[in-house]
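In: This is a predicted model, with the sequence first.
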Amino acid sequence: MTLYTLETLMADFAFLALMVGVVVGIFFLVKAKAKAAAPPPQVPDWYPDPADAALLRYFDGQRWTEATRPRDAPPNS
């Protein structure tokens, strides 16, 4: 059976803490990048609705409107 000295045990804990910190840091960086919202489009048109993947939402060039339509609807509906 291997006996740990206090220095070896502390070094192992420090290494473990460092590895956990790296993993947590990477997780939060990936999560933050995924949350970064794209700037709104500049051209008035129908765009995918972020709240419902089955819908398109109309952007009037300045703001998102309340107008929605199904993604598979004809363009002039």
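Out: Arrived safely. What you see is a predicted model, and the numbers here were worked out from it, not measured in a lab. Numbering: from 1, shown residues only.

In: packing partners for the longest strand seen in the chain?
Out: Longest among the strand segments of the chain by residue count, using DSSP state E, is strand 64-70. On a contact count with 3 or more CB pairs under 8 Å, 6 or more residues apart in numbering; DSSP states H and E, strand 64-70 meets strand 55-59. For every residue, glycine as well, the C-beta is placed using N, CA and C.

In: Within the sheet, what are the partner strands of the strand it packs on, with directions?
Out: Strand 55-59 pairs in its sheet with strand 45-48 (antiparallel), strand 64-70 (antiparallel), by DSSP bridges.

In: What helices and strands are in contact with the helix or strand where L18 lies?
Out: Assessed by DSSP states H and E, L18 sits inside helix 6-35. Using 3+ CB pairs under 8 Å, 6+ apart, no helix or strand is in contact with helix 6-35.

In: now that helix, how far from the centre of its chain.
Out: Here helix 6-35 is found 21 Å from its chain centre; the criterion is CA atoms, centre = their mean, to the nearest Å.

In: mind starting the numbering at 25 from now?
Out: All set: I'll call the first residue 25, so the last point we hit is now helix 30-59.

In: How about it, which residues are buried there?
Out: Within helix 30-59, no residue qualifies as buried by neighbour count (16 or more other CB atoms under 10 Å).

In: who's the nearest residue to P99 once chain neighbours are set aside bridged to?
Out: The shortest distance from P99 to any non-neighbouring residue, by CB to CB, 6 or more residues apart in numbering, is to W70 (7.6 Å). W70 forms beta bridges with Y82, as assigned by DSSP bridges.

In: List the residues that contact W70.
Out: W70 makes contact with 80-83, 93, 99, according to CB atoms under 8 Å, 6 or more residues apart in numbering.

In: Thank you kindly, that will do.
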